[in-house]
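**Student:** Sharing a sequence plus its predicted fold:
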Amino acid sequence: MSVAQPSDSLLRRALHNRWVLRFAGLIGVLAFWEFMFSGGRVNPIFSAPPTAVVQTIPDVLADELYLPAVGSTLRLFSMGFAIAAVLGILVGLLLARVRLLDVGLTPYLNALYASPLPAIIPILTAVLGYTFQTKLLIVVLLAIFPILINVHQGARSVDDTLLEVARSLRVSESKLWLDVIIPSSLPFLIVGLRLGAARGMIGTAVAELYTSPDGLGYLILRYGFRFDMDAMLVVVLTFTAISLLLSWSTGLLERRVRRWRVSAG
Amino acid sequence: MSTETIRLRQRTDWSRLAFIASVFGIILLVWQGYVSFIYDRPIPLPTPVSTVEAFIEMSETGELWEAAFESAQVLVLGSIPGILLGIALGLVIGGIPPLNTSLAPYVYAFYATPFPALIPIFVLVFGLGNTGKAMIVFTLVITTVLLQTIAGVRNVDARFLEVARAFGSPPARTLLEVHLPASMSFIVAGIRLAIGRALVGVVVAEFDTALSGLGALIFRYSGRLALSHAFVPAVVFSITGILFYVSLKKAEQSLEKWRQLG
């Protein structure tokens, strides 16, 4: 703000360029991170300055366990997320349409949404065993509620005039769904999918670390046993990259749907 | 006319509540019935009755409240500094646009990281004690509150800022007296999201160490297949989460209404 004098226009221009600023921010974050781990501030065993982490990246990528781990994490997430999306959309639409179910069940579904569901993971593993199904259930449980609740809200917030026009034109129930309810609740669905994907990734990480270790979660634990902090962070950054990619692509979808809706409405 | 509508609304509300409560009763009955009469595998599932019995036993021996106190301690120790620092940093970063452009993407990237993946690292660095768990809570809370505060500050009505500028208010004062109150609904939303994440963080960290807190109780009793006893602390966690969610959501909605009025 007050840094830029009117005379030094180069600095001023730099302060208004997004990419220059972001790059400066990155340098700042990395410098702070490096500083924290230098000069013996942290026990050297746990020291993981960015310079060391970056040097470890090729080693981790060369680990023959790395790519299969990424694959099994992606498999767990995408299967769980797909199941959560289908079930969430179906139940959300059903609740929006059947009043009795809506009144009776919505409070309990909201309560489950607000609960820290990973608390029941040890119980689930005790009952269902250390299986892939247990992990899948954890991902579904975490991802489903934002999808379900958003679809429900979307389908209930359909413009009344649209419904009235459709009814006065004697539109059939199936056409009403396809042409009115689903298109106008689409933006809500996408928001639900974005939130559900984020929670699904949290579920994936929990499931891979705290049931039978698998995928990237297993790699984190494995490097942890060797006190290899640098490698652990490389795996965590892989998780970050997957999540950012997911949030970026759902965000893109969201903007596209919004634009389509504005131009159509 | 108006009394009529009020009475009508009250009546429908009561029947609605009665219906919702009876649905809960039906769920409990079906659950109890399923486990007692149909379920026939060797691992004993918790039922409503056995959970209540386990609750009475665990609160009589005091282990439940002891563990709840340990978990609550970690939550409070981590979240209060996290909330305060998150708001302060959010005001500064959100209030200075170049700072926001340069730092917000990295805070967001950290926020987007599925945080359970970080827990083994925290346990490794900060040990198995309360410090490590409080640090996990602190980290989860500060990033969430920080991002929401930034969002709030960036959404302050431009008219307010213009008035502040017209009266020559110094930037620090504008930040405290215009940005802060105007972004309260965002901040409360941030606290609500943060507590939700922190509860998950605490319970998972307590699995990891299995030494203290409600998470450790869940973990140990599940290991012994005493699933009703394991279910009790999970319910306590869940009720805590729901209470925080509902009360903060209420606060958020009234603040949002107040914000829209301005």
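**Tutor:** Looks like it came in fine.
**Student:** For the residue of the stretch 1-150 of chain B found nearest chain A, which residues are in contact?
**Tutor:** The nearest approach of the stretch 1-150 of chain B to chain A comes at residue B:102, 3.1 Å away (Cβ to the nearest Cβ). Any C-beta I mention is one placed from the backbone N, CA and C, and that applies to glycine too. For residue B:102, the contacting residues are A:21-22, A:24-25, A:28, by Cβ atoms under 8 Å, 6 or more residues apart in numbering or on different chains.
**Student:** And what about residue 199, helix, strand or coil?
**Tutor:** No chain in the question, so chain A it is. Three-state assignment for residue A:199 (DSSP: H, G, I helix; E, B strand; the rest coil): helix.
**Student:** ditto for residue A:75
**Tutor:** Residue A:75 ends up helix, using three-state DSSP.
**Student:** check whether stretch A:192-211 contacts chain B.
**Tutor:** Yes. Using Cβ under 8 Å from any Cβ of the partner chain, stretch A:192-211 reaches chain B at A:198, A:201-202, A:204-206, A:209-210.
**Student:** Secondary structure element for the closest residue to the residue of the stretch 1-150 of chain B closest to chain A other than its chain neighbours, which one?
**Tutor:** Residue nearest to residue B:102 in three dimensions, not counting chain neighbours: residue A:25, with 3.1 Å by Cβ to Cβ, 6 or more residues apart in numbering or on different chains. Using DSSP states H and E, residue A:25 falls within helix A:18-37.
**Student:** Who's the closest spatial neighbour of residue A:102, skipping the chain neighbours?
**Tutor:** The shortest distance from residue A:102 to any residue other than its chain neighbours is 4.8 Å, reached at residue A:95 (Cβ to Cβ, 6+ apart).
**Student:** Please report how far the one you found lies from residue A:184.
**Tutor:** Residue A:95 sits 17 Å away from residue A:184, going by Cβ to Cβ, to the nearest Å.
**Student:** before we move on, back to that, identify, from the contacts of residue B:102, the entry nearest to residue A:70.
**Tutor:** residue A:22 (26.5 Å; Cβ to Cβ).
**Student:** what sits against the closest one?
**Tutor:** B:101-102, B:105.
**Student:** Distance of the closest residue in space to residue B:154 that isn't next to it in sequence relative to residue B:253?
**Tutor:** Counting by Cβ to Cβ, 6+ apart, residue B:154 lies nearest to residue B:94, which is 5.6 Å off, once chain neighbours are set aside. Separation of residue B:94 from residue B:253 (Cβ to Cβ): 22 Å.
**Student:** higher neighbour count, these two?
**Tutor:** residue B:94 (26 against 13; other Cβ atoms under 10 Å in any protein chain shown).
**Student:** Just confirm residue A:96 contacts residue A:149, I think it does.
**Tutor:** No. Using Cβ atoms under 8 Å, residue A:96 is not in contact with residue A:149; the gap is 10.8 Å.
**Student:** wait, does the lowest-mean-pLDDT helix or strand in chain A contact chain B?
**Tutor:** Ranked by mean pLDDT, DSSP states H and E, the weakest helix or strand in chain A is helix A:9-15, scoring a mean of 77. Yes. Counting by Cβ under 8 Å from any Cβ, chain B has neighbours in helix A:9-15: residue A:15.
**Student:** mind listing what residue A:95 touches?
**Tutor:** Per Cβ under 8 Å, 6+ apart, neighbours of residue A:95: A:101-102, A:105-106, A:109, A:148, A:152.
**Student:** Considering the residues you listed, which possesses the most neighbours?
**Tutor:** residue A:148 (28 neighbours).
**Student:** To what extent is residue A:193 buried, counted in neighbours?
**Tutor:** Neighbour count of residue A:193, defined by other Cβ under 10 Å: 25.
**Student:** Can you tell me the element it falls in?
**Tutor:** With DSSP H and E as the test, residue A:193 turns up in helix A:182-210.
**Student:** Can you spell out which helices and strands pack onto that helix?
**Tutor:** Here helix A:182-210 touches helix A:66-97, helix A:121-128, helix A:132-156, helix A:215-225, helix A:229-264, helix B:184-209, going by 3 or more Cβ pairs under 8 Å, 6 or more residues apart in numbering or on different chains; DSSP states H and E.
**Student:** care to break chain B down by domain?
**Tutor:** For chain B, the domain assignment from automatic domain parsing gives the residue ranges B:1-40, B:43-261.
**Student:** With mean pLDDT as extra columns, can I get the ones you listed in TSV?
**Tutor:** Listed next are the domains of chain B as TSV, based on pLDDT from 0 to 100:
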stretch	mean pLDDT
domain B:1-40	78
domain B:43-261	91
